[in-house]
Each structure stands twice: as structure tokens, then as C-alpha cells.
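Undergrad: dropping the sequence and predicted coords here.
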Amino acid sequence: MREIVVLSGKGGTGKTSITAALASCGPPKVLADCDVDAADLHLILEPNVIQIHDFVSGEAPSVNPSLCTACGLCVEKCRFDAMTTDGEGRAVVKHEVCEGCGLCAYVCPTSAISMRPQKCGVWYDSETRYGPMIHAVLDIGAENSGKLVTTVRQRSSRVAEHRGINVILTDGPPGIGCPVIASLTNADLALIVTEPTRSAEHDLGRIADLAAHFDIPAAVLVNKEDVNPELAQSIAATCRERKLIFLGAVPYSQDFNAAQLAGQSVVEYAPDTYTPFFEHMWKRLLGETGYTPGYTKDSKSESS
């Protein structure tokens with residue numbers, strides 16, 4: 001089984017559009033959306049949800065008003081100002097700022113406060129026109145997104161194994177934080193989507209360093225290359241210097257916007273234009289993971 005994770009050092013590079021394009025061609029695959037803080041791959045893939053699962057992580061305090069004596073000790077001791085009182089002086093939890101540390105329950109003299117498992121979001125088993133998809137949404141203000149990402153990846157692996165599918169394509173979150181690390185670890189290849197801007201060039205270096213830290217090979221695709229052709233060429237040169245796999249570049253095109261408005265990938269929207277490019281990209285990606293029989297690294301040439 002091979003897992004390819006699509007990443008970007010920053011948001012707005014077109015990572016999800018590229019993921020959707022790859023989803024609509026290439027080998028049979030399980031799709032995973034690990035951008036749980038701002039999931040949007042489903043807007044293009046329009047999944048048919050089969051099952052919905054609660055994501056439970058950590059604990060949150062719950063107050064039994066009948067046991068509360070309005071002593072105010074929980075309000076006094078909470079360093080996060082997550083405890084307040086109602087009109088009668090009884091304890092009330094401000095869940096939006098609560099860290100779930102449990103101190104309020106510990107100091108309560110009447111055991112009016114107890115810690116209970118906390119629902120932080122939901123994750124889905126779905127089917128799309130491209131195959132099975134596992135995706136999730138973290139609740140507003142909730143934490144533990146890295147744990148939810150891990151849940152999505154583990155479920156994707158189980159679905160792939162159960163169905164005999166040998167490829168997992170994952171849409172990862174932007175940046176280099178905890179959810180990115182959770183998306184990247186133990187993957188077979190990172191596909192980094194960047195754009196020819198200074199901020200994207202800088203963040204490309206950060207995500208490439210992260211992949212190198214986990215000893216995961218990284219491939220780079222420059223999106224919207226003609227926005228700044230000189231910088232796009234500079235990024236290609238940097239890839240060669242850093243021994244990153246340079247997959248080529250995609251010019252800026254209104255086709256991507258039109259495809260999104262139509263609820264399609266760009267490959268579906270303009271197949272004659274984009275299918276050859278993204279099919280070739282699949283051969284490159286799978287070849288780098290050693291998956292495609294008869295297709296070796298020595299036989300590949302760089303796209304331009």
C-alpha cells in the first residue's frame with residue numbers, strides 16, 4: 001500500500017484543486033481529507049455519507065446545580081477563567097475557553113463538578129464518484145486536530161486494506177503544525193503544492209525540511225507558474241539543489257475556478273487539456289514510491 005499526502009507550506013496555493021484533479025484519474029484509491037480544521041475537498045467530490053462517527057477526545061467539566069453550594073472556589077482557582085456563575089452564584093462552565101484540566105472538579109468540596117468525555121467533532125465514511133472517502137470536521141474552537149487527523153488516516157488504511165486498494169491519496173492541511181505532522185508521518189511521499197510568490201517559496205522550504213526530518217521523500221509542483229515565471233524557475237532550481245523531486249508546473253487558468261463552480265475537478269471540466277498531465281504525474285508519484293511495475297526512477301525525466 002502506498003500513501004501520498006498533498007501538502008503546502010501555506011494556504012491558497014491550490015492544494016485541494018490539485019488533490020481533486022489527482023483523485024479523478026490514476027489508479028483506484030482511497031481518498032482522505034485531513035484538513036479537519038477547514039475541510040473543503042468534499043465541495044468538489046460531493047461525497048455520499050454512509051456513516052457518521054463522533055470524535056471524542058479529552059474531557060470537559062459538567063456541573064450538577066443541585067449539588068453546587070455557590071462557594072466560588074472553582075471560579076477562584078481556574079487560571080483559564082473558564083468558570084463563572086449564574087444569577088444565584090452557582091458554577092457555570094465557559095466551554096469556549098476551558099482547557100479540560102480538571103482542577104475545578106478536584107477542588108469542588110461537594111463533588112458538584114465531574115469530568116466527562118468531550119465530543120470535539122465528527123468523521124465520516126463516504127463514497128464518491130472516485131472511490132471511498134474518509135473525511136472529518138473539527139468543532140469550532142475544539143482542539144486535538146492532530147488526533148482527529150490520525151483517526152482519519154487509520155480509518156483510510158483499514159478501508160484500503162478491506163477493499164484491496166493499494167493507494168491512499170490524502171489532502172493534508174496547510175502549514176507545518178501538529179495536524180500536518182499527523183498527516184505526514186509514515187507516509188510514502190509528500191506532494192508539496194507551491195506557487196511563485198515569496199511567501200510560498202519560504203514556506204516550501206519549511207515543509208520540505210519537515211518532510212526531510214521524518215525521512216519522507218518530497219515532490220514539488222508549482223501551481224500558477226505564469227504569475228511570476230522568474231520565481232517559478234527559481235523554485236525549480238531550488239528543488240534541484242535540495243534534491244527534491246520536481247514534477248513541473250501548472251499555468252494559471254480560469255479553468256480551475258470554472259471547474260469548482262461546476263462542482264468538478266479540472267480534469268473532469270477540461271479532460272483533453274489536463275488528463276495527460278495528471279496521468280503522467282501519477283506515474284511519476286507512484287514511480288517514486290516504487291509501486292508501478294516496470295517504472296523506475298532511472299526511466300523518469302523531469303516535467304517542465
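TA: Right, received. Where do you want to start?
Undergrad: sketch out the strands for the stretch 201-304 of the chain, chain order is fine.
TA: Per DSSP state E, counting those that start in this stretch, the stretch 201-304 of the chain carries strands over the ranges 218-223, 245-250.
Undergrad: okay, those in a markdown table with mean neighbour count, distance to E3 and mean pLDDT next?
TA: (Glycine included, C-beta is placed from N, CA and C.) A markdown table is the format used below for these (neighbours: other C-beta atoms under 10 Å; distance: least, C-beta to C-beta, whole Å; pLDDT from 0 to 100):
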| stretch | mean neighbour count | distance to E3 | mean pLDDT |
| --- | --- | --- | --- |
| strand 218-223 | 24 | 14 | 96 |
| strand 245-250 | 21 | 16 | 94 |
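Undergrad: and the ones you listed as TSV, adding distance to R153?
TA: Shown next, in TSV, are those (distance: least, C-beta to C-beta, whole Å):
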stretch	distance to R153
strand 218-223	18
strand 245-250	22
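Undergrad: G58: which of those strands is closest?
TA: strand 218-223 (32.6 Å; C-beta to C-beta).
Undergrad: now A70. Nearest residue, chain neighbours left out?
TA: Ranked by C-beta to C-beta, 6 or more residues apart in numbering and with sequence neighbours excluded, the top spatial neighbour of A70 is G89, at 3.5 Å.
Undergrad: check what pLDDT the one you found gets.
TA: In this model, G89 is scored at 93, pLDDT.
Undergrad: pretty sure it sits against G72.
TA: Yes. Between G89 and G72 there is a contact at 7.0 Å, judged by C-beta atoms under 8 Å.
Undergrad: quick check: mean pLDDT of stretch 164-172?
TA: Stretch 164-172 comes out at a mean pLDDT of 95.
Undergrad: next one: stretch 3-12
TA: 91.
Undergrad: same question, stretch 63-73
TA: pLDDT averaged over stretch 63-73 gives 95.
Undergrad: in that stretch, which residues are buried?
TA: Buried residues in stretch 63-73, counted by 16 or more other C-beta atoms under 10 Å: 63, 68, 71, 73.
Undergrad: count of residues packed around P217?
TA: As a burial measure, P217 scores 15 neighbours (other C-beta atoms under 10 Å).
Undergrad: in three-state terms, label the residue nearest to A70 for me.
TA: coil (DSSP: H, G, I helix; E, B strand; the rest coil).
Undergrad: count the neighbours of it for me.
TA: 12.
Undergrad: and for P132, the neighbour number?
TA: 22.
Undergrad: tell me which residues form a beta bridge with the residue nearest to L204 when sequence neighbours are not counted?
TA: Excluding its sequence neighbours, the residue lying closest to L204 (C-beta to C-beta, 6+ apart) is T194, at 4.5 Å. On the basis of DSSP bridges, T194 is bridged to V222.
Undergrad: so T194 versus F214, what's the distance?
TA: Per C-beta to C-beta, to the nearest Å, T194 is found 19 Å from F214.
Undergrad: neighbour count for the two, which is higher?
TA: More neighbours surround T194 than the other of T194 and F214, with 31 against 12 (other C-beta under 10 Å).
Undergrad: return the member of the buried residues of stretch 63-73 nearest to R158.
TA: Taking C-beta to C-beta as the measure, R158 lies nearest V63 of these, at 38.3 Å.
Undergrad: you'd agree that closest one is up against H95?
TA: No. Under the criterion of C-beta under 8 Å, V63 is not in contact with H95, lying 11.2 Å apart.
Undergrad: if I pick the residue of the chain most remote from its centre, what's in contact with it?
TA: The C-alpha centroid of the chain is most remote from T69, which lies 45.4 Å away (C-alpha atoms, centre = their mean). Contacts for T69 (C-beta atoms under 8 Å, 6 or more residues apart in numbering) come out as 109-110, 112.
Undergrad: buried ones from the residues you listed, can you make that a ChimeraX selection?
TA: In ChimeraX, this line selects whichever of the contacts of T69 come out buried by 16+ other C-beta under 10 Å:
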select :112
